[in-house]
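Visitor: I need the structure of the sequence given here:
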Amino acid sequence: MKYYIIAFVVLVLDQVTKWVIVNRLMLNETRSVIGEFFQITSHRNKGAAFGILQNQRWFFIVVTILVVIGIVWYLKKTVDEGKRLLPIALGLLLGGAVGNFVDRALFGEVVDFLQFNFEFNWFNPPIYYTFPIFNLADSAIVIGVALVFLDALISWRREAKESAQSTKGESGDVQP
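Guide: As a prediction, this is how the structure comes out:
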């Protein structure tokens, strides 16, 4: 149940922050948080990550429903298996997916607002890069995916170690 609570907290925080942005900032309005590096910018995205597949609302709604069903099924499976890190990752993924789903289903677009700008002064002329604007749901999804990879790496190392130990035991090596 606690993993669904994680998903619910992500969903609530995501929706509250989006509500604040929609009601406090005009579209494309920017407010500095840390100089030019970190800004809050009211932005709308009718596509997926990095603005790809614009205006494919129904495609994203159907895909998200399928993904949410898959996450719920896999979350139950991983909890039943006694895993600890993977269900946390899936809770974050679930909350993020539902957060962006709510925006798409209700408004046809996702509210984004976290903007990071990078300046690389060691080049002449300097290079400026603005990372695509995102939201808390996107952040939860990215962290969830990173934790899935971390869990896979930990599992892989554990299995490799167990395999090496069983192979060593089968070879007849006896330690005094």
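
Visitor: gap between the helix of greatest length in the chain and the chain center?
Guide: Using DSSP state H to define each element, the chain has its longest helix at helix 136-170. Centroid separation for helix 136-170 versus its chain: 18 Å, with C-alpha atoms, centre = their mean, to the nearest Å.

Visitor: what ranges do the helices span in this protein?
Guide: 2-24, 57-80, 85-107, 136-170.

Visitor: In terms of mean pLDDT, which of the ones you listed ranks lowest?
Guide: Confidence, taken as mean pLDDT, is least for helix 136-170 of the helices of the chain (a mean of 89).

Visitor: which one is the spatially most central residue of the chain nearest to, not counting chain neighbours?
Guide: Centroid-nearest residue in the chain: Ile141, 1.1 Å away (criterion: C-alpha atoms, centre = their mean). Once flanking residues are discounted, Ile141 sits nearest to Gly96: 3.8 Å by C-beta to C-beta, 6 or more residues apart in numbering. In short, each C-beta sits where N, CA and C put it, glycine included.

Visitor: Quick one: neighbours of the one you found, just the number.
Guide: 25 (other C-beta atoms under 10 Å).

Visitor: Start at 671, not 1
Guide: Okay, using 671 as the starting number, the last item reads as Gly766.

Visitor: could you list every residue that touches it?
Guide: Contact analysis of Gly766 by C-beta atoms under 8 Å, 6 or more residues apart in numbering lists 680, 684, 806-811, 814.

Visitor: Repeat that for Phe707.
Guide: Contact analysis of Phe707 by C-beta under 8 Å, 6+ apart lists 786-788.

Visitor: What is the burial count for the spatially closest residue to Ile735 that is not a sequence neighbour?
Guide: Among residues not flanking Ile735 along the chain, Phe771 sits closest, at 7.7 Å (C-beta to C-beta, 6+ apart). Applying other C-beta under 10 Å, we find 20 residues neighbouring Phe771.

Visitor: so Phe771 makes contact with Val733?
Guide: No: with contact defined as C-beta atoms under 8 Å, Phe771 does not count as touching Val733 (9.7 Å).

Visitor: quick one: the residue nearest to the centre of the chain from Met696, how far?
Guide: Counting by C-beta to C-beta, to the nearest Å, the gap from Ile811 to Met696 is 27 Å.

Visitor: Report the buried members of the contacts of Gly766.
Guide: In terms of neighbour count (16 or more other C-beta atoms under 10 Å), the buried residues within the contacts of Gly766 are 680, 684, 806-811, 814.
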